[in-house]
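A.B. asks: my questions are about this predicted structure, shown below with the sequence.
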Amino acid sequence: MIELLRVENLTKKFGELTAVDACSFTVKEGSITALIGPNGSGKTTVFNLITGYLPSDSGKVEFAGSSIRKQSPGSLYRKGLTRTFQQARVFADLTVQENLVVAGGGKWTNLFGRRITAEDQSRAAELLDEFKLSHVADLYASELSWGQRKLLEFASVLMSKPRLVLLDEPTAGVNPILIETMATHIRSYNAAGVTFLIVEHDMSFVMRVCDPVIVLDRGKTIAVGDPETVQSDPRVLDAYLGD
Amino acid sequence: MKLSKKGASPFFTRSGLMRGGVLIAVLIVMPQLFPQHWIWNMMFFTVLYAAMSVAWNLIGGFAGYPSLGHAAFFGIGAYATASIFKSSEILTNGWQPFFMLPLVGLGCAILALPIGYIAMRVRANIFAIVTITLLFVAQTLGYNLKSITGGAQGAGLSVAPFHLDIFEQPFYFAAATLLLFAMGIAYFITKTKLGMALTSIRADEDKARGVGVRTTGIKVITFAVSVGITGMAGGIWAYYLGFIYPQFAFDPLITIAIVLMTFLGGRATVWGPVLGAAILMPAQQLLAYYVGGSQIYLIAYAAIFLLIMLLLPRGILPTFLNKRRMDSMATKGDLSGTSTTPVTTGGSKS
Ligand SMILES: Nc1ncnc2c1ncn2[C@@H]1O[C@H](COP(=O)(O)OP(=O)(O)OP(=O)(O)O)[C@@H](O)[C@H]1O
Ligand SMILES: [Mg+2]
């Protein structure tokens, strides 16, 4: 397996606080990699740095072999790197179906084409069906439940057929049945060739779905390995239980 | 449980074409019913402000960037037209200035590209402040670039050589054409991916960037189109008055009026701003007509704005459409199992 994402000595300071501190790790193509760590250990900040939402102070980020530091979220999206947010972000004033279509990417000339083409519709219908959102396709996203929004956000980043998807706590605030649905989708898209990097607090979810697991503490990578090894690593226990 | 209709969303719907046809008929027939000059004058201003409100709505409504500086471009359009037509030699039959308007609009739009690019690096709220400064810069230039604007003494255009009995008519029809043009663009936006992209920018611009929406290009060009139309409106206005002063060409009240009209009728709709203008402009003119040339309407503006924000925060049209939507879904039982909260911008957790 080749390295799809390579993060090297990535650093980000917010004033005095070093949120990400010379952090290094890699994500292999075809894997479902977990990024875990105590609250405030810098996981979301790492996502923001990788996806171009925040400028990093120093370090390297490579995607599919080329440097992507200083690139905008939009150009990364077009290269196949997409993400979801810890607090699901969907477009409240668009319908569920439109939320998918607007994330479909494509050439800028498409802007002057029909709002929803037959092709958009069939592509969206596939995902809506898979994510059990067909019955709410014409509702505004603001009318969805929290869990449905998480599903919708996940589905919408798949519209562009990405290579690497970063999920920030996909199961937070989602009911147990939807959590299972989420796990199923991740596995099936992974089987179809999509690589995942997942920030997750639910350890049983991580155990069942992810391998390998990267552990972050105070902005540094402190352990990498398969779920069992990592869970029994004393440094990891220390990070979670210590001070 | 209704699935989306199969097939692509159409460009032209029968109801859309019908509404457009009715509007054109009304615009042509309405003024014929009234010979009085003051009514023609009122209808001219109503249609002119409707065009500007529709234009403002493109950026302030659809994209959610509330510009408070549109009057700057109104004034620039007015003075551009004034400087082109200072000399009466160009005028033979009086219609030429109208055909020059697209150039004035294009000039305003091109000028707006760098301005928009810089001003739109900040988010919506700060954008409002940045654009209001733009208005005062333009106003100051209006007073001080005496060679172009004549300063506080004003600038004269040659009087349009239309017969006095029908003097207002050419201006009215020019404004009506501009209104139809602006509405055509608004309609086009609602029917294309551009409209979805603008809505996504309004709803959550950072998220939109992250799903590949070309936010910068889209909002800057929309801003340019919006102020291009506003500049053309300024051109028609200048030619109509024949003599313009910086005080009135760069008047913050112009911006306030079109913002209010858009908010009243309904942001991010094709018809909302037209509805708002059709209510507010005649009301303002009638008030002036019956109460005298006082500034009472300013107090009325403030009161109306408060009332809208309190009672109809989304404007007349969206409130009505949403109610109809809720009713139809309730009868179809579409909402079973999901929240029944009305649609809100921002979309709270349900
Ligand atoms: N924009 C910001 N400005 C200042 N400080 C920030 C900013 N974003 C994050 N931080 C701080 O950086 C540290 C890391 O935050 P981050 O959100 O990356 O943690 P996390 O691992 O995602 O936590 P959680 O598990 O709670 O989501 C925290 O101390 C946080 O307060
Ligand atoms: Mg986080």
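C.D. replies: Arrived safely, thanks for sending. Ligands and ions are numbered 1, 2, ... in the order given.
A.B. asks: any idea how far residue B:63 is from ligand 2?
C.D. replies: Spatial separation of residue B:63 from ligand 2 under the definition CB to the ion, to the nearest Å is 30 Å. In this view, the C-beta of every residue, glycine as well, is placed from N, C-alpha and C.
A.B. asks: how about the nearest residue to that residue, chain neighbours excluded?
C.D. replies: residue B:198 (4.7 Å; CB to CB, 6 or more residues apart in numbering or on different chains).
A.B. asks: surely the one you found forms part of a helix?
C.D. replies: Yes: assessed by DSSP: H, G, I helix; E, B strand; the rest coil, residue B:198 belongs to a helix.
A.B. asks: ok, now how distant is it from residue A:75?
C.D. replies: Going from residue B:198 to residue A:75 by CB to CB, to the nearest Å gives 20 Å.
A.B. asks: give me the next element, helix or strand, following the top helix by length along chain A.
C.D. replies: Counting residues, the longest helix found in chain A (DSSP state H) is helix A:176-191. Using DSSP states H and E, the helix or strand that follows helix A:176-191 in sequence is strand A:195-199.
A.B. asks: give me the helices and strands touching the strand or helix carrying residue B:279, please.
C.D. replies: Taking DSSP H and E as the definition, residue B:279 sits inside helix B:272-291. Applying 3 or more CB pairs under 8 Å, 6 or more residues apart in numbering or on different chains; DSSP states H and E, we find helix B:272-291 packed against helix B:37-57, helix B:252-265, helix B:296-311, helix B:316-332.
A.B. asks: what's the average pLDDT for the second one?
C.D. replies: To tie it back to what came earlier, the one meant is helix B:252-265. Averaged over helix B:252-265, pLDDT sits at 93.
A.B. asks: and it, which residues are buried?
C.D. replies: B:254, B:255, B:256, B:257, B:258, B:259, B:260, B:261, B:262, B:263, B:264, B:265 (16 or more other CB atoms under 10 Å in any protein chain shown).
A.B. asks: could you give the angle of that helix to helix B:316-332?
C.D. replies: Angle, helix B:252-265 to helix B:316-332, by axes from the mean of the first three to the mean of the last three CA atoms, to 10 degrees: 10 degrees.
A.B. asks: any idea how far helix B:252-265 is from the chain center?
C.D. replies: How far helix B:252-265 lies from its chain's middle: 8 Å, per CA atoms, centre = their mean, to the nearest Å.
A.B. asks: by contact count, what packs against that helix?
C.D. replies: Secondary-structure packing of helix B:252-265 (3+ CB pairs under 8 Å, 6+ apart): helix B:37-57, helix B:70-84, helix B:124-144, helix B:272-291, helix B:296-311, helix B:316-332.
A.B. asks: and what of the last one?
C.D. replies: Secondary structure elements in contact with helix B:316-332, counted by 3+ CB pairs under 8 Å, 6+ apart, are helix B:252-265, helix B:272-291.
A.B. asks: phi, psi of residue 173?
C.D. replies: Since you didn't name a chain, this refers to chain A. phi 70, psi 10 (degrees, to the nearest 10).
A.B. asks: nope, chain B please
C.D. replies: According to degrees, to the nearest 10, residue B:173 has phi -70, psi -30.
A.B. asks: can you give me the neighbour number for it?
C.D. replies: Neighbour count for residue B:173, taken as other CB atoms under 10 Å in any protein chain shown: 16.
A.B. asks: tell me the spacing between it and residue B:60.
C.D. replies: Distance from residue B:173 to residue B:60, by CB to CB: 27 Å.
A.B. asks: cool, and residue A:153?
C.D. replies: For residue A:153, the distance to residue B:60 - CB to CB - is 28 Å.
A.B. asks: could you do residue A:150 as well?
C.D. replies: For residue A:150, the distance to residue B:60 - CB to CB - is 32 Å.
A.B. asks: what does chain A put close to ligand 2?
C.D. replies: With the criterion set to CB under 5 Å from the ion, chain A comes near ligand 2 through A:44, A:86.
A.B. asks: same thing but 8 Å
C.D. replies: A:39, A:43, A:44, A:45, A:47, A:86, A:168, A:169, A:199 (CB under 8 Å from the ion).
A.B. asks: now, which of the residues you listed lie within strands?
C.D. replies: If you go by DSSP state E, the residues of chain A next to ligand 2 have A:168, A:199 in strands.
A.B. asks: among the residues of chain A next to ligand 2, which two are most distant?
C.D. replies: A:39 and A:47 (14.9 Å; CB to CB).
A.B. asks: next one: phi and psi at residue 109?
C.D. replies: Chain wasn't specified; assuming chain A. According to degrees, to the nearest 10, residue A:109 has phi -60, psi -20.
A.B. asks: thank you, goodbye.
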